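Enquirer: Provided below for reference: sequence and predicted model.
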Amino acid sequence: MFSMEWQRGVAFIRGINVYASKRITQKRMLEICRGIEDENVRIVRIVKTDNLIFEKRKVHYATVSSRLEKVLSRHFGKPVYVTSRSMRTIQLLAKQKSGKGK
């Protein structure tokens, strides 16, 4: 069962603004990504053009990734791959790297 409370996550979008065929402005990227918003997913902000902060409830993080992959692949006309993680996971990884999360 999924939580009814909003949970924050980050989506890592691969290959954006690295290759000539996947060039996009931050503003346009945000517009496209907002296309997945509904009563259970909302976009908080975008960092650079390939990291997206979002909030979700009643859906899995992988569902957010799938939705983003779909709208971005449609826009670019070729596959775009997205990996999402909870902020809690990101914080734990950051602590482990610094030696504080043992």
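Expert: Cool, got the structure. Residues are numbered from 1 along each chain as shown.

Enquirer: For P79, pull up the helix or strand it's in.
Expert: Assigned by DSSP states H and E, P79 belongs to no helix or strand.

Enquirer: try Q91
Expert: Residue-wise, Q91 maps onto helix 87-98 under DSSP H and E.

Enquirer: what stretches of this structure score poorly on pLDDT?
Expert: Within the chain, the segments meeting pLDDT under 70 span 1, 19, 97-102.

Enquirer: can you pull out the helices in it?
Expert: Using DSSP state H, the helices found in the chain span residues 26-33, 61-76, 87-98.

Enquirer: ok, and which of those helices has the densest surroundings?
Expert: helix 61-76 (a mean of 18; mean count of other C-beta atoms under 10 Å). Placement of C-beta: from N, CA and C, glycine included.

Enquirer: any idea how far stretch 9-21 is from the chain center?
Expert: Computed by C-alpha atoms, centre = their mean, to the nearest Å, the chain-centroid distance of stretch 9-21 equals 10 Å.

Enquirer: what sits up against that stretch?
Expert: 22-24, 29, 48-56, 61, 64-65, 68, 72, 76, 78, 80-87, 90 (C-beta atoms under 8 Å, 6 or more residues apart in numbering).

Enquirer: Please repeat the previous calculation with a cut-off of 6 Å.
Expert: Stretch 9-21 is contacted by residues 22-23, 49-50, 52-54, 61, 68, 81-86, 90 when judged by C-beta atoms under 6 Å, 6 or more residues apart in numbering.

Enquirer: Nearest to S3 among these?
Expert: S86 (10.8 Å; C-beta to C-beta).

Enquirer: Please work out how many residues are found near the closest one.
Expert: 14 (other C-beta atoms under 10 Å).

Enquirer: now it: how far from V64?
Expert: The spacing between S86 and V64, counted by C-beta to C-beta, to the nearest Å, is 11 Å.
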